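*Asks:* I would like the atomic coordinates for the input below:
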Amino acid sequence: MRVPATALLAVLLASACREEPDLSRGGVELVYLARLPAEMQGPQRAHALGETRSRVARRLQALRIPAVVTSEAGRIRVALPSGTSSSAIQAVKSLMPVRAHLELREVDDEALVALARNQLLWPNVSPSVKLARYLPEVSEPSDSALQAPSREAAAEAIRTLSPGVPAGRVLALEAPEGEGKPWKVLMLGPAFLDNDAIADARAVMGERMPAVLLEVRRDAAGRFEEVSRRLVGRRLAITLDGAILTAPYVTAPITGGRVQITLGASGTVEGAKLLATQLSMGPLPYPLALEAERAIPPSRP
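*Replies:* Residues are numbered from 1 along each chain as shown. All right, here's what the predicted structure looks like:
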């Protein structure tokens, strides 16, 4: 179940009642399995789990969600006090799986076209998936994308074609631009900027649409400007957890160490605030999967 960003933020703010949650009257515990590498053991595994727990706690604190966060045996436990509404619990469930791993990558139209001509792989792709060319604006060059009728069809095409993707490149999903529009799959080049280069993130109002303004660290700003000069006339994809948020054309070198992520027509100010908070707190080091939801019995009447 997905919770709209507006409802999510309202629930989060309504849940903020005190800094230290009182669990003496019971509550709800959400248990998450941290997907750590199997080869990671001993002190290294303990450190990774502790870092993940710390990031979770910081994220919840920044969003003013009262919770006690602990970790043990490869799991993160989030305890919410009695009185937390079912909608608030669902909001936390929706928030926790989002790692918020951000990357900037060049869109590689030529590599996608070459992949679609691979006679070993393409015949195995569903006939509903087509290679399409788009002309968004007269002044912009055409771009390529695989067009699919559903998320499932697009994801299946990615799985089928992944063995033929060149090293350093990835296939990524781009959500429909509106009702009835197709899902798209783009080919992206190597990442040249990620969360480590972000100094700050904050919600702003762009041209008629909510956005998140990123400030790049000073030591990465020069590299960012250099790459953006090379990409003038091409598309730059901004991805979150591997999915494309936006893929605008670079019309001029990006100077000043700032880049704006526009959330699109369906974006909201509340959604921009949530994304900015997630990016400011940094990504979760490892994915989390909800394993159990338990009632916490009261320790006093």
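
*Asks:* tell me the secondary structure for residue 278?
*Replies:* helix (DSSP: H, G, I helix; E, B strand; the rest coil).

*Asks:* what number of residues are in the vicinity of it?
*Replies:* 24 (other Cβ atoms under 10 Å). Placement of C-beta: from N, CA and C, glycine included.

*Asks:* list the residues that contact the residue positioned nearest the centre of the chain.
*Replies:* In the chain, the residue lying closest to the centroid (Cα atoms, centre = their mean) is residue 240, at 3.0 Å. Residues in contact with residue 240, defined by Cβ atoms under 8 Å, 6 or more residues apart in numbering, are 98, 100-102, 275.

*Asks:* next, format those residues as TSV and append pLDDT, distance to residue 172 and secondary structure.
*Replies:* Formatted as TSV, the contacts of residue 240 follow (pLDDT from 0 to 100; distance: Cβ to Cβ, whole Å; DSSP: H, G, I helix; E, B strand; the rest coil):
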residue	pLDDT	distance to residue 172	secondary structure
98	85	16	coil
100	87	16	coil
101	90	13	coil
102	89	13	strand
275	83	17	helix
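
*Asks:* and the two most separated of the residues you listed?
*Replies:* Within the contacts of residue 240, 101 and 275 form the most distant pair, 12.4 Å apart (Cβ to Cβ).

*Asks:* which of those two has more neighbours?
*Replies:* residue 275 (24 against 19).

*Asks:* who touches stretch 259-277?
*Replies:* So stretch 259-277 is in contact with 4-6, 8-10, 59, 62-63, 95, 100, 104, 177-178, 201-207, 209-214, 216, 224, 238, 240, 245-246, 248, going by Cβ under 8 Å, 6+ apart.

*Asks:* again, 7 Å this time
*Replies:* Stretch 259-277 is contacted from outside by 5-6, 8-9, 62-63, 178, 201-203, 206, 209-214, 216, 238, 245-246, using Cβ atoms under 7 Å, 6 or more residues apart in numbering.

*Asks:* filter those residues down to the buried ones.
*Replies:* In the contacts of stretch 259-277, burial by neighbour count holds for 5, 8-9, 63, 201, 203, 210-214, 216, 238, 245-246, counting by 16 or more other Cβ atoms under 10 Å.

*Asks:* what average pLDDT does stretch 133-153 get?
*Replies:* The average pLDDT for stretch 133-153 rounds to 74.

*Asks:* what's residue 176 in contact with, if anything?
*Replies:* 182-183.

*Asks:* again with residue 86
*Replies:* Taking Cβ under 7 Å, 6+ apart as the definition, residue 86 has no contacts.

*Asks:* hmm, back to that, pairing partners for the residue nearest to the centre of the chain in the sheet, please.
*Replies:* Following DSSP bridges, residue 240 is listed with bridge partners residue 102, residue 243.

*Asks:* let me know the distance separating it from residue 212.
*Replies:* From residue 240 across to residue 212, the span is 10 Å (Cβ to Cβ, to the nearest Å).

*Asks:* gap between the top helix by length along the chain and the chain center?
*Replies:* Determined from DSSP state H, the single longest helix within the chain is helix 42-62. Offset of helix 42-62 from its chain centre (Cα atoms, centre = their mean, to the nearest Å): 18 Å.

*Asks:* just the CA coordinates for stretch 206-215, please, in CSV.
*Replies:* Provided in CSV are the C-alpha atoms of stretch 206-215 (Å, rounded to 0.1, in the frame of the first residue of the first chain):
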residue,chain,number,x,y,z
GLY,A,206,10.4,25.7,-9.2
GLU,A,207,8.6,27.0,-12.3
ARG,A,208,5.1,26.1,-11.4
MET,A,209,6.3,22.8,-9.8
PRO,A,210,7.8,21.7,-6.5
ALA,A,211,11.4,20.9,-6.6
VAL,A,212,14.4,19.9,-4.5
LEU,A,213,17.5,22.1,-4.7
LEU,A,214,20.8,20.3,-4.2
GLU,A,215,24.0,22.1,-3.3
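
*Asks:* what sits up against that stretch?
*Replies:* With contacts defined as Cβ under 7 Å, 6+ apart, stretch 206-215 is touched by 198-204, 257-265, 267-269, 271-272, 275-276, 279.
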